[in-house]
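K.L.:
Mind folding the following:
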Amino acid sequence: MKEKQILARARIQEKLGSILQCCLLWAFIFSVWGCAIPENDVSNQTGGSEVLSSSGSSGKAGQLAAGDFHTCAIVNGGAVKCWGQNLMGQLGNGKTAYSASIPVSTGNISTATAIDAAYAQTCAVLADGSVQCWGDNSSGQLGDGTTTNSATPVSVTGIYTATAIAMGSSFACVILSGGTVRCWGWGNTTPVSVTGISTATAIAAGQSYACVILSGGTVQCWTSSSSNTPTSISGIATAIAIAAGYSHICVMLSAGSVQCWGDNSSGQLGDGTTTNSATPVSVTGISTATTIATGNFHTCAILSGGNVQCWGSDLWGESGSEAYGESGNMLWYSHFRVCMFPILC
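P.N.:
Numbers count the residues shown, from 1 in each chain. Below you'll find the predicted structure:
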């Protein structure tokens, strides 16, 4: 696939997996850097990205979610199509074949409104507020009361008013219509309530933690070892967007600046160091962000002028700082880089 020019004024919905580092730019294009997507699977289309099924039918993609080795999209106003690795049934098509290089239909889902994916599992919020999940269930992350993997969507027990979802490597959490949060996985095979949260407006999940923005702009987080008891993040009072990497988290503030905390081994906090931080640090030089997104070890922001800046790991070209090499349809970088400051893409 040829490198695509980033049209950064569009809204973005994305989840960056450790290998499939892909982002969907709303109403414009799929822009892919540092990863391989079969050239006939996702094509550049104005007004949405066209996803081609194995039968040749197509649909416009509205949201995109990527696990470690698979990707899923909401198409045609609510159907779901997935492609990539399928060893644990994470494509949801009733099979556990090694992979599907062309998107396949997931179960009978036709009313999906939100979607997320993690290591080898996927979940979708449906229009009626229920949630269905498929794929790996070794830690109860499908939420159906079992630890049995499923190659077709199963309903999450007791969830009827979900409005947003976020998935980590072995768990999932949803915001309910009243602002409360429930999670499953981490050994809980059905959803449990997160203590003390009643005004959540946005949610993000990393490897073993989750965070929410509350209605007043503050942030609370919890981990797999904290029994779903959140702690407040100091110094954050005007957060309007949140994104989670493997072990780091970033928030966009109402004024357009970005603050991050957690693991900084690859410079993914953007403060010019590789020193981990348990408290938020300001990303150097970012003051007009309109969207943020994180990969496992890097972070990107769209700025108000239309540019994209990225910082952190550049092992696979995910920070966009060097000219691509090309090998067939694979875009690659020739060497490892760590970008401690934001770099213009």
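K.L.:
quick one: contacts for the nearest residue to residue 80 once chain neighbours are set aside?
P.N.:
Distances taken as C-beta to C-beta, 6 or more residues apart in numbering place residue 106 nearest to residue 80, at 4.0 Å, with adjacent residues excluded. C-beta here means a position set from N, CA and C on the backbone, and glycine is covered the same way. Contact analysis of residue 106 by C-beta atoms under 8 Å, 6 or more residues apart in numbering lists 72, 79, 80, 81, 82, 91, 92, 93, 122, 124, 134, 153.
K.L.:
how close does residue 106 get to residue 126?
P.N.:
12 Å (C-beta to C-beta, to the nearest Å).
K.L.:
for residue 302, same thing?
P.N.:
Residue 302 sits 29 Å away from residue 126 when distances are taken as C-beta to C-beta.
K.L.:
ok, those two, which is more surrounded?
P.N.:
Neighbour count, other C-beta atoms under 10 Å: between residue 302 and residue 126, residue 302 has more, with 25 against 19.
K.L.:
Just the element for that one, please.
P.N.:
Assigned by DSSP states H and E, residue 302 belongs to strand 298-303.
K.L.:
Quick check: what element follows that strand along the chain?
P.N.:
Helices and strands here follow DSSP H and E; after strand 298-303, the next one along the chain is strand 308-313.
K.L.:
Flag the shaky bits of this structure, pLDDT-wise.
P.N.:
1-61, 315-345 (pLDDT under 70).
K.L.:
can you pull out the helices in it?
P.N.:
Read by DSSP state H, the chain holds no helices at all.
K.L.:
gap between the closest residue to residue 270 other than its chain neighbours and residue 166?
P.N.:
In space, and not counting its chain neighbours, residue 270 is closest to residue 283: 3.6 Å by C-beta to C-beta, 6+ apart. Plainly put, residue 283 is 21 Å away from residue 166 if you go by C-beta to C-beta.
K.L.:
With residue 309 instead?
P.N.:
24 Å.
K.L.:
try residue 78
P.N.:
Distance from residue 78 to residue 166, by C-beta to C-beta: 20 Å.
K.L.:
Over to residue 137?
P.N.:
From residue 137 to residue 166 the distance is 18 Å (C-beta to C-beta).
K.L.:
again, but for residue 128
P.N.:
20 Å.
K.L.:
Next: residue 250.
P.N.:
Using C-beta to C-beta, residue 250 is found at 14 Å from residue 166.
K.L.:
For burial, what's the neighbour tally of residue 277?
P.N.:
For residue 277, using other C-beta under 10 Å, the count is 16.
K.L.:
how many other residues sit next to the residue nearest to it when sequence neighbours are not counted?
P.N.:
Leaving out its chain neighbours, the residue that sits closest to residue 277 by C-beta to C-beta, 6+ apart is residue 261, at 5.0 Å. Residues contacting residue 261 under the criterion other C-beta under 10 Å number 23.
K.L.:
quick one on the thing from earlier: tell me what the strand holding residue 302 is packed against?
P.N.:
Secondary-structure packing of strand 298-303 (3 or more C-beta pairs under 8 Å, 6 or more residues apart in numbering; DSSP states H and E): strand 248-253, strand 258-262, strand 289-294, strand 308-313.
K.L.:
what sits opposite the nearest residue to residue 93 once chain neighbours are set aside in the beta ladder?
P.N.:
Distances taken as C-beta to C-beta, 6+ apart place residue 104 nearest to residue 93, at 4.4 Å, with adjacent residues excluded. Here residue 104 sits in beta bridges with residue 82, going by DSSP bridges.
K.L.:
One more: residue 299?
P.N.:
Note on residue 299: beta-bridge partners by DSSP bridges are residue 294, residue 311.
K.L.:
Next: residue 72.
P.N.:
Assigned bridge partners for residue 72, using DSSP bridges, are residue 65, residue 82.
K.L.:
give the contact list for it.
P.N.:
Applying C-beta under 8 Å, 6+ apart, the residues contacting residue 72 are 64-66, 80-83, 91-92, 106, 115, 117, 122, 124.
K.L.:
Looking at residue 128 and residue 166, which is more packed in?
P.N.:
Neighbours per residue, other C-beta under 10 Å: of residue 128 and residue 166, the larger number sits with residue 166, 26 against 10.
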